[in-house]
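Asker: Below are the sequence and a predicted model for it; my questions follow.
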Amino acid sequence: MKRDGSVRYGMAVDTRSCVGCSACVLACKSENDVPDGHARRWVNQIVSGTFPELKMSIWSDSCQHCDDAPCVSNCPTGSSHVDSASGTVQVDRSRCTGCKACMVSCPYNARFVHPDGFVDKCTLCLHRLEQGRSTACAEVCPASAIVVGDLNDPASRVSRMLRLRKWRQQKTAAGTNPKFFLVD
Amino acid sequence: MFIQGPVEITTTRLNPHVDPTLHAWGWEVPVDLFLAALAAGMAILHATVVLSGRQQRYPSLIRWATLVPPLALGMALGALFLDLEYKLHLFRFFTTFQVTSPMSWGSWLYLLLSISTGLTALATYTRSEPIPLKRLAWANLVLGVGLVIYTGVLLSSVQARPAWNSPVLLPLFLVTGLLSALALAGFWSRNRTERRSFAAATLVLLAAEAVLVLFYCVHLATSGASGSEALALIMGGPYTAAFWSLVVVAGILLPALLEMQTWRQRWPATAVAPALILVGGLALRFVLVQAGQHLSV
């Protein structure tokens, strides 16, 4: 990973490919030692319409690693911060007081209190990205529905996907500029 | 992308205190906000009386407004401490200053106001003035206004929660902080002249609170779909009974009626109206903190 701040990692989920198998959820729990009863990643399913005119959309969801993250600006200790090398939102456990200001300011409810007392969430597997690998969720996805990459690199798979396909972001009214895209 | 009609959402997420609705902040935060506003309100009133040189006219206010702020701030910090999930990291608040974080501003304001009101109490009760009382009064006034405004900004700056994201919360928390302070001073006041002037000030502030509550509802009603959903929480939703019975009727209308009679000298002043105002101030913060977490944009 380049360390000059030019990298801006993001995630896209192909809602046409995602089958809601939850392999990503289990891979995330295993990779990051997420405690029982808690989830950094989850699967959403929306069914709309009236029978027989029904439509279903499924996607794997997590922290949106927003460019204008309210969890970062509201953190009183600087524990929640943007990692300058990857552009991802991270939590420094040694500085977290567990005041939960970040939890109430996150419109996606993507954070939770770890049983050890700090606030936890998706790190976008930063430890793997630093080794040049993809995230655990993207690696195990049997439908290749999860794509992670550098949004600033026009040749990355995620950038190409966002150029070629229709996409949307969740809760844009919150004004957080999420780096998480649902590709329809 | 969706077909019009009913929408059914299913999620595999079930994090504690997050799902099905967020409940990150429990009883500790509204108690903390109430006590902080009470302490700040008392510090402001005390400073106003000291700076205008009217200590003789308000003996009860001077006595209680000297003692209560440092105690209430200590209890508020105690409630905040109980809310922390990683209590050993409390000191982290004071190793940094995050300019964009209202809670960081609040932590420092708590500390500074605790020191200045503590010194004021010390100077008053020991009759020694290491720092002149008027200088301390200026510090208490500025820090008190800052702290009571902070309690409003803490909630109103959260854009993700439509029930909180209203600029009306700033003046509303300022007014209710001053009301609580007047109520606590009036609770113990045995001086009829002082009590009558408290009743007059209370009536003005209760009218201001009623107008601000109305503005808050109007602001939510005109803030799009998420604002309307937030308004529905207190207009038929789960917080309707608590809001209208405890905040509006018990906290505004009944005390206004009682204080009006006290001011007109028709009924003797009792502790009922001040007690109701204190209950209303606490209930307002409980309702707002809980309702705000109920809904996101």
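Answerer: Now that the structure is in, tell me what you want to look at.

Asker: Run a quick neighbour tally on residue 137.
Answerer: Went with chain A since none was named. By other Cβ atoms under 10 Å in any protein chain shown, 26 other residues sit near residue A:137. For every residue, glycine as well, the C-beta is placed using N, CA and C.

Asker: nope, chain B please
Answerer: By other Cβ under 10 Å, neighbour count at residue B:137 equals 21.

Asker: Can you verify my assumption that it contacts residue B:120?
Answerer: Yes. The pair residue B:137 / residue B:120 is scored as a contact, 7.5 Å apart, by Cβ atoms under 8 Å.

Asker: Show me whatever sits in contact with both of the two.
Answerer: Jointly contacting residue B:137 and residue B:120 under the rule Cβ atoms under 8 Å, 6 or more residues apart in numbering or on different chains are residue B:46.

Asker: which non-adjacent residue is nearest the closest residue to chain A within the stretch 51-200 of chain B?
Answerer: Using Cβ to the nearest Cβ, residue B:85 is the residue of the stretch 51-200 of chain B that sits closest to chain A, at 2.5 Å. Leaving aside its sequence neighbours, residue B:85 sits nearest to residue A:98 (Cβ to Cβ, 6 or more residues apart in numbering or on different chains; 2.5 Å).

Asker: Can you get me the centre-to-centre distance for the host helix or strand of residue B:142 and its chain?
Answerer: Taking DSSP states H and E as the criterion, residue B:142 maps to helix B:133-156. Distance of helix B:133-156 from its chain centroid, counting by Cα atoms, centre = their mean, to the nearest Å, is 12 Å.

Asker: how about it: buried residues?
Answerer: B:133, B:136-137, B:139-156 (16 or more other Cβ atoms under 10 Å in any protein chain shown).

Asker: I'd like to know which elements that helix is packed against.
Answerer: Contacts defined by 3 or more Cβ pairs under 8 Å, 6 or more residues apart in numbering or on different chains; DSSP states H and E place helix B:133-156 against helix B:28-52, helix B:102-125, helix B:169-188, helix B:272-294.

Asker: Also compute the angle for the first one relative to helix B:272-294, please.
Answerer: An angle of 130 degrees separates the directions of helix B:28-52 and helix B:272-294 when computed by axes from the mean of the first three to the mean of the last three Cα atoms, to 10 degrees.

Asker: where's residue A:56, which helix or strand?
Answerer: Here residue A:56, judged by DSSP H and E, is contained in strand A:53-61.

Asker: hang on, isn't residue B:107 packed against residue A:97?
Answerer: No. Counting by Cβ under 8 Å, residue B:107 does not reach residue A:97; the two are 9.7 Å apart.

Asker: Give me the below-cutoff pLDDT ranges for chain A.
Answerer: Within chain A, the segments meeting pLDDT under 70 span A:1-5.

Asker: Which helix runs longest in chain B?
Answerer: Using DSSP state H to define each element, chain B has its longest helix at helix B:192-221.

Asker: Would you tell me whether the strand holding residue A:56 gets close to chain B?
Answerer: Yes. Part of strand A:53-61 sits near chain B under the criterion Cβ under 8 Å from any Cβ of the partner chain, namely A:53, A:54, A:55, A:57, A:61.

Asker: correct me, but the fourth one touches residue A:15?
Answerer: This points to residue A:57. Yes. At 5.0 Å, residue A:57 and residue A:15 qualify as touching, with contact defined as Cβ under 8 Å.

Asker: Overlap in contacts, those two.
Answerer: With Cβ under 8 Å, 6+ apart, residue A:57 and residue A:15 have common neighbours residue A:184.

Asker: Looking only at neighbour counts, state which of those two leads.
Answerer: The neighbour comparison of residue A:57 against residue A:15 (other Cβ under 10 Å) goes to residue A:15, with 20 against 17.

Asker: how close does the more buried one sit to chain B?
Answerer: Distance of residue A:15 to chain B, computed by Cβ to the nearest Cβ, to the nearest Å: 8 Å.

Asker: ok, back up a step: packing partners of the longest helix of chain B?
Answerer: On a contact count with 3+ Cβ pairs under 8 Å, 6+ apart, helix B:192-221 meets helix B:59-83, helix B:169-188, helix B:224-234, helix B:254-263, helix B:272-294.

Asker: Need those in CSV (columns: mean pLDDT).
Answerer: Output for the helices and strands packed on helix B:192-221, formatted as CSV (pLDDT from 0 to 100):
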stretch, mean pLDDT
helix B:59-83, 93
helix B:169-188, 94
helix B:224-234, 95
helix B:254-263, 94
helix B:272-294, 97
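
Asker: any idea which of those helices is most buried?
Answerer: helix B:169-188 (a mean of 25; mean count of other Cβ atoms under 10 Å in any protein chain shown).

Asker: burial measure for residue B:253, as a count.
Answerer: A count of nearby residues for residue B:253, using other Cβ under 10 Å, gives 14.

Asker: got the contact list for the closest residue to residue B:161 other than its chain neighbours?
Answerer: Distance criterion Cβ to Cβ, 6+ apart; nearest residue to residue B:161, sequence neighbours excluded, is residue B:292 at 4.4 Å. Residue B:292 makes contacts with A:104, B:155, B:158, B:161, B:163, B:164, B:230, as judged by Cβ under 8 Å, 6+ apart.

Asker: rerun that using 10 Å as the cut-off
Answerer: Residues in contact with residue B:292, defined by Cβ atoms under 10 Å, 6 or more residues apart in numbering or on different chains, are A:104, B:22, B:25, B:155-156, B:158, B:160-166, B:169, B:230, B:233.

Asker: of all those residues, which comes closest to residue B:51?
Answerer: Among the contacts of residue B:292, residue B:169 lies closest to residue B:51 (Cβ to Cβ), at 27.5 Å.

Asker: isn't that closest one right up against residue B:148?
Answerer: No. Counting by Cβ atoms under 10 Å, residue B:169 stays clear of residue B:148, with 11.3 Å between them.

Asker: Now for the residue of chain A found nearest chain B: which residues touch it?
Answerer: Distance from chain B to each residue of chain A (Cβ to the nearest Cβ) is smallest for residue A:98, at 2.5 Å. When contacts are counted by Cβ under 10 Å, 6+ apart, residue A:98 touches A:79, A:113-114, A:116-119, B:24, B:83-90.

Asker: How about residue A:28?
Answerer: Going by Cβ under 10 Å, 6+ apart, residue A:28 touches A:22, A:34, A:39-42, A:60, A:62, A:122-123, A:125, A:135-137, A:140.

Asker: rewinding a little: so the residue nearest to residue B:85, which of the three states?
Answerer: What DSSP: H, G, I helix; E, B strand; the rest coil gives for residue A:98 is coil.

Asker: hmm, stretch A:157-170 in reach of chain B?
Answerer: Yes. Applying Cβ under 10 Å from any Cβ of the partner chain, one finds stretch A:157-170 touching chain B at A:166, A:168.
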